[in-house]
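[1] Need coordinates for the below:
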Amino acid sequence: MTSLATLKKTNPNTAIQKLVGAHARELSEKLQAHRLKLFPPTAKKTVRRFTSSEVADLLGVDPGYLRRINLEGKGPQPEVTGGGRRLYTVEDLAALRALLDEGAKGGRRYLPHRRPGEHLQVICVVNFKGGSGKTTTTAHLAQHLALHGYRTLAIDLDPQASLSALHGYQPEFDVGENQTLYGAIRYDDQKRPISEIIQQTYFPNLDLIPGNIELMEYEHDTPKALADSPGQGLFFTRLDSALSEVQDRYDVIVIDCPPQLGFLTMTAMCAATAVLVTVHPQMLDVMSMCQFLIMTSELLEVVANAGGNTGYDWMRYLVTRYEPGDGPQNQMVSFMRSMFEEHVLNYPMLKSTAISDAGLTKQTLYEVGRENFSRSTYDRAMEALNNVNGEIESLIKQAWGRA
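    Have a look, this model is predicted:
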């Protein structure tokens with residue numbers, strides 16, 4: 001690749017632009033080659049098979065009951081290995097859940113769909129600072145909800161589009177013009193129904209609105225729209241209006257917001273019914289969060305005075321990348337709990353090499369088998385994930401008035 005010094009000799013005024021452009025093109029080509037190696041064009045990204053004990057745990061039944069269903073020939077038949085292990089696909093899991101729900105008695109339900117009078121849950125995952133674990137949190141929460149039977153929509157509102165990449169959508173190759181949320185909330189006559197933008201994923205019950213750099217157009221268009229139509233509240237009603245078109249299709253919507261308090265984030269927060277703030281328990285991160293909260297409070301006050309929605313069912317802080325043996329981190333977590341009390345989730349998300357290693361192949365921990373890690377490393381990370389997501393699931397149920 002040509003160096004900056006060489007480019008300066010040709011034209012010093014455009015040297016840095018050409019160098020950055022060349023780096024971008026080369027990196028994009030390498031990422032595409034990496035993706036094709038992992039997932040060839042003819043292949044479809046799929047979820048690993050689950051053991052019978054994992055399926056029983058997800059369904060909330062005894063493994064023996066699951067075996068009896070299998071022996072009676074009911075529902076999907078699992079793959080049986082040479083060692084006698086029964087393995088289920090994620091589609092099998094969904095089919096079993098529907099089968100059990102159909103025959104459920106005594107008020108128990110295996111399909112936790114919204115019931116009459118229960119409103120759509122829209123959860124914004126936010127923070128002012130990059131690296132706080134927003135995308136990892138969003139991806140694992142959305143997949144947890146889908147695996148537990150909730151009809152879930154994940155929205156990638158970050159122009160960097162890491163959530164999209166995790167679900168098999170390379171932003172510069174697979175997401176075209178007007179195929180992000182921008183297409184459904186833009187201000188001109190190119191606006192599209194949100195239903196045309198939603199994509200299915202390889203997880204049953206989980207759909208996705210992918211993102212890419214096009215989302216930044218909303219940040220540029222909104223100030224002009226506000227100037228042209230002052231007092232109209234144009235920006236903070238647009239996502240809520242778009243989601244109303246498809247709200248009957250979903251139980252929960254999870255939004256991965258960009259690491260900035262711009263119009264995209266504010267639009268999402270005005271459509272939200274709940275807010276989850278991720279925070280890494282270190283002083284600089286907490287200081288950054290302080291600035292985020294100050295700015296958010298001021299902007300939400302302006303929005304509320306203009307008639308926007310700021311009435312949330314709940315708001316919680318999630319401690320991420322937590323290392324229990326780190327003294328300063330423990331002090332910071334104690335400090336946060338003493339200040340914010342019940343607004344800090346009881347369970348933190350531990351820092352885990354298992355989750356980091358899964359990300360190298362654009363996967364979440366739910367997609368990677370236990371055999372890829374040491375048992376203790378995998379179990380520790382999975383326990384932390386299930387604790388965090390289970391606590392959030394409980395908040396969703398409480399918002400619906402369920403026990």
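
[2] pLDDT wise, what is residue 18 at?
    Per-residue confidence (pLDDT) for residue 18: 59.

[3] excluding its backbone neighbours, what's nearest residue 221?
    Leaving aside its sequence neighbours, residue 221 sits nearest to residue 187 (CB to CB, 6 or more residues apart in numbering; 5.5 Å). Backbone N, C-alpha and C define where each C-beta goes, glycine included.

[4] ok, that neighbour - contacts?
    The neighbours of residue 187, taking CB atoms under 8 Å, 6 or more residues apart in numbering as the test, are 221-222, 225, 234.

[5] Kindly indicate whether it is helix, strand or coil.
    Using DSSP: H, G, I helix; E, B strand; the rest coil, the structure places residue 187 in coil.

[6] Buried only: go through the contacts of residue 187 for me.
    For the contacts of residue 187, a burial check counting by 16 or more other CB atoms under 10 Å picks out 221-222, 225, 234.

[7] out of the residues you listed, which one sits closest to residue 107?
    Among those, residue 234 lies closest to residue 107 (CB to CB), at 45.2 Å.

[8] From residue 219, how far out is the residue lying closest to the closest one once chain neighbours are set aside?
    Nearest non-adjacent residue to residue 234, counting by CB to CB, 6+ apart: residue 225, 5.1 Å away. Distance, residue 225 to residue 219, by CB to CB, to the nearest Å: 11 Å.

[9] do the same with residue 228
    Residue 228 is 16 Å from residue 219, by CB to CB.

[10] Among the two, which residue is more densely surrounded?
    Neighbours per residue, other CB atoms under 10 Å: of residue 228 and residue 219, the larger number sits with residue 219, 16 against 10.

[11] Please name the residues that touch the more buried one.
    By CB under 8 Å, 6+ apart, the residues touching residue 219 are 262-264.

[12] so who does residue 259 touch?
    Applying CB under 8 Å, 6+ apart, we find residue 259 in contact with 127-130, 132, 134, 158.

[13] Need the pLDDT of it.
    The score at residue 259 is 87. That number is its pLDDT.

[14] ok so it is a strand residue?
    No. Under three-state DSSP, residue 259 falls outside any strand and is assigned coil.

[15] Give me the nearest residue to the residue nearest to the spatial centre of the chain, chain neighbours excluded.
    In the chain, the residue lying closest to the centroid (CA atoms, centre = their mean) is residue 138, at 2.4 Å. Nearest in space to residue 138, with sequence neighbours left out and distances taken as CB to CB, 6+ apart, is residue 256 at 4.0 Å.

[16] least trustworthy helix or strand in this protein by mean pLDDT?
    Of the helices and strands making up the chain, the lowest-confidence element is helix 4-10, at a mean of 57, by mean pLDDT, DSSP states H and E.

[17] so which strand or helix has residue 355?
    Element membership of residue 355 [criterion: DSSP states H and E] is helix 353-360.

[18] again with residue 278
    strand 274-279.

[19] Relative to that strand, what are the paired strands and their orientations?
    strand 121-126 (parallel), strand 314-319 (parallel) (DSSP bridges).

[20] The helix or strand just after it vs strand 314-319, what angle?
    Remark: after strand 274-279, the chain's next helix or strand is helix 283-305, criterion DSSP H and E. On the basis of axes from the mean of the first three to the mean of the last three CA atoms, to 10 degrees, helix 283-305 is oriented at 170 degrees to strand 314-319.

[21] Now helix 283-305: buried residues?
    285-286, 288-289, 292, 296, 299-300, 303.

[22] Stretch 320-333 now?
    Using 16+ other CB under 10 Å as the burial criterion, the residues of stretch 320-333 that qualify are 320-322, 329, 332-333.

[23] Relative to residue 107, which of the residues you listed is nearest.
    Checking the buried residues of stretch 320-333 against residue 107 by CB to CB gives residue 320 as the nearest, at 36.5 Å.

[24] wait, that closest one sits on residue 279?
    Yes. Applying CB atoms under 8 Å, one finds residue 320 in contact with residue 279, separated by 6.8 Å.

[25] what touches both of the two?
    residue 132.

[26] hang on, the earlier thing: which helices and strands sit right next to the helix holding residue 355?
    helix 375-399 (3 or more CB pairs under 8 Å, 6 or more residues apart in numbering; DSSP states H and E).

[27] what is the orientation angle of the helix it packs on with strand 274-279?
    Relative orientation of helix 375-399 versus strand 274-279 (the same axes, to 10 degrees): 150 degrees.

[28] which outside residues touch helix 375-399?
    With contacts defined as CB under 8 Å, 6+ apart, helix 375-399 is touched by 119, 121, 123, 137, 140-141, 144-145, 148, 252, 273-274, 276, 313-314, 316, 318, 345-350, 352-355, 365-366, 370, 372, 403.

[29] Is it possible to get JSON lines of the strands paired with strand 274-279 that adds distance to residue 383?
    Converted to JSON lines, the strands paired with strand 274-279 look like this (distance: least, CB to CB, whole Å):
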{"stretch": "strand 121-126", "distance to residue 383": "21"}
{"stretch": "strand 314-319", "distance to residue 383": "15"}
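
[30] lowest-confidence stretch among those?
    Ranked by mean pLDDT, those end with strand 314-319 at the bottom, a mean of 91.

[31] Show me how far that one is from its chain's centre.
    Put simply, strand 314-319 sits 15 Å off its chain's centre (CA atoms, centre = their mean, to the nearest Å).

[32] Which elements pack onto the helix or strand just after it?
    As assigned by DSSP H and E, the chain's next helix or strand after strand 314-319 is helix 327-340. The contact analysis (3+ CB pairs under 8 Å, 6+ apart) places helix 327-340 against helix 283-305, strand 314-319.

[33] so which of those comes closest to residue 81?
    Of the helices and strands packed on helix 327-340, nearest to residue 81 by CB to CB is strand 314-319, at 37.5 Å.

[34] got the buried residues for the closest one?
    For strand 314-319, a neighbour-count test (16+ other CB under 10 Å) marks 314, 316-319 as buried.
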